[in-house]
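Enquirer: Could you look at this predicted model? Sequence included:
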Amino acid sequence: MAKDDKKNEWKEFFWNPRTREFCGRTASSWGLIFLFYLAFYIFLAGLFTLTMYVMLLTLDDNTPTYQDRLATPGMMIRPRSEDLEITYTKENTESWDMYVQALNRFLSPYNDSVQEQKNHECTPDKYFIQDDSGNVKNNPKRSCQFKRSILEDCSGLYDRYYGYNDGKPCIIIKLNRVIGMLPGKDGQTPSVSCGPRRYKIGKDEWADDTDKMGEVVYFPRNGTFNLMYYPYYGKKAQVNYSQPLVAIKFLNMTLNTDINVECKINANNIPTNNERDKFAGRVSFKLRINSRN
């Protein structure tokens, strides 16, 4: 009998037909609690929405309010491969065709006709500064033409295989975008230089591949990033911006061996010897050209 009484107590706790209470409260009591929490959470949602709205009013749609003040932008190569290693056999088309296709895709927005249609013909060797007029935003900002043909032998227009078929491959270098950066002072044009990368072979021994690397040529000549492509104003403000490129063509590399290459930016206001960030302003990659002959 005691067991039945205990069971009835549990039933009455959930629903008591005499007092018409559910879990110890009447329907009106539960209704008031529900209305309180509903109003409370509506208030919190409104406060959050208002806070976000006020914060967004302080932001510029085209330029980040806060951004990393990078003293040295990073660099990257194209074609991009896993672990920055480019290896192929020049007699085997399938081993290098993927690199050719990657370069074609990367350079297609730089086609001369596309650049002439979308971008502005700027004055070389001079920063293309486009200031706002007071509160009036000068947006969208114009972008300077960087035509694919500027890369000459590495443009894919005159040699559709970019030299990969005859063991004289092209590598394209791009400097990462940094809003507002002026890479060079006193009119000095920044440039890229590539050479053998030093690597450790023992406890206190270092080596490089100077004797294996051979001659390189740059396009544009001297491997320069012309000043007219700077400053960069951001993706939204400068929708048609085309990053300037530098192409390096390796003319007589030693075959059937790994060659470690390092390219870096040369500018009088961009340091490249930052030990805390070994990839600042430079990029290292490994190149191996195999031959069956």
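Expert: Nice, I can see it.

Enquirer: Sheet partners, orientation included, of the helix or strand residue 247 falls within?
Expert: Residue 247 belongs to strand 245-250 when assigned by DSSP states H and E. According to DSSP bridges, the neighbouring strands of strand 245-250, each with its direction, are strand 170-175 (antiparallel), strand 216-219 (antiparallel).

Enquirer: Which residue lies closest in space to residue 115, excluding its sequence neighbours?
Expert: In space, not counting the residues next to it along the chain, residue 115 is nearest to residue 145; the distance is 4.3 Å by CB to CB, 6 or more residues apart in numbering. Heads up, the C-betas are built off the backbone N, CA and C, glycines and all.

Enquirer: what's around that neighbour, how many residues?
Expert: The burial metric for residue 145, expressed as a neighbour count using other CB atoms under 10 Å, is 20.

Enquirer: that older thread, just checking, next helix/strand downstream of the strand holding residue 247?
Expert: Moving toward the C-terminus from strand 245-250, the next helix or strand (DSSP H and E) is strand 258-266.

Enquirer: got the angle between the strand holding residue 247 and strand 258-266?
Expert: Here strand 245-250 runs at 150 degrees with respect to strand 258-266, directions being taken by axes from the mean of the first three to the mean of the last three CA atoms, to 10 degrees.

Enquirer: can you give me the offset of strand 245-250 from its chain's centre?
Expert: With CA atoms, centre = their mean, to the nearest Å as the basis, strand 245-250 stands 19 Å off its chain's centre.

Enquirer: One more: stretch 229-243?
Expert: Offset of stretch 229-243 from its chain centre (CA atoms, centre = their mean): 13 Å.

Enquirer: And that stretch, what's buried?
Expert: Applying a neighbour-count criterion of 16 or more other CB atoms under 10 Å, the buried positions in stretch 229-243 are 229-234, 237-238, 240-242.

Enquirer: quick revisit: gap between the residue nearest to residue 115 and residue 162?
Expert: Applying CB to CB, to the nearest Å, one obtains 22 Å for the distance of residue 145 from residue 162.

Enquirer: just to revisit the earlier point, need the buried residues of stretch 229-243 in JSON lines with distance to residue 210 and secondary structure, can you?
Expert: Written out in JSON lines, the entries for the buried residues of stretch 229-243 read as follows (distance: CB to CB, whole Å; DSSP: H, G, I helix; E, B strand; the rest coil):
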{"residue": "229", "distance to residue 210": "32", "secondary structure": "helix"}
{"residue": "230", "distance to residue 210": "33", "secondary structure": "coil"}
{"residue": "231", "distance to residue 210": "37", "secondary structure": "coil"}
{"residue": "232", "distance to residue 210": "35", "secondary structure": "strand"}
{"residue": "233", "distance to residue 210": "41", "secondary structure": "coil"}
{"residue": "234", "distance to residue 210": "41", "secondary structure": "coil"}
{"residue": "237", "distance to residue 210": "44", "secondary structure": "coil"}
{"residue": "238", "distance to residue 210": "40", "secondary structure": "coil"}
{"residue": "240", "distance to residue 210": "41", "secondary structure": "coil"}
{"residue": "241", "distance to residue 210": "37", "secondary structure": "coil"}
{"residue": "242", "distance to residue 210": "34", "secondary structure": "coil"}
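
Enquirer: Let's have the residues you listed in JSON lines, adding distance to residue 157.
Expert: Converted to JSON lines, these look like this (distance: CB to CB, whole Å):
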{"residue": "229", "distance to residue 157": "21"}
{"residue": "230", "distance to residue 157": "26"}
{"residue": "231", "distance to residue 157": "29"}
{"residue": "232", "distance to residue 157": "26"}
{"residue": "233", "distance to residue 157": "29"}
{"residue": "234", "distance to residue 157": "31"}
{"residue": "237", "distance to residue 157": "31"}
{"residue": "238", "distance to residue 157": "26"}
{"residue": "240", "distance to residue 157": "21"}
{"residue": "241", "distance to residue 157": "22"}
{"residue": "242", "distance to residue 157": "16"}
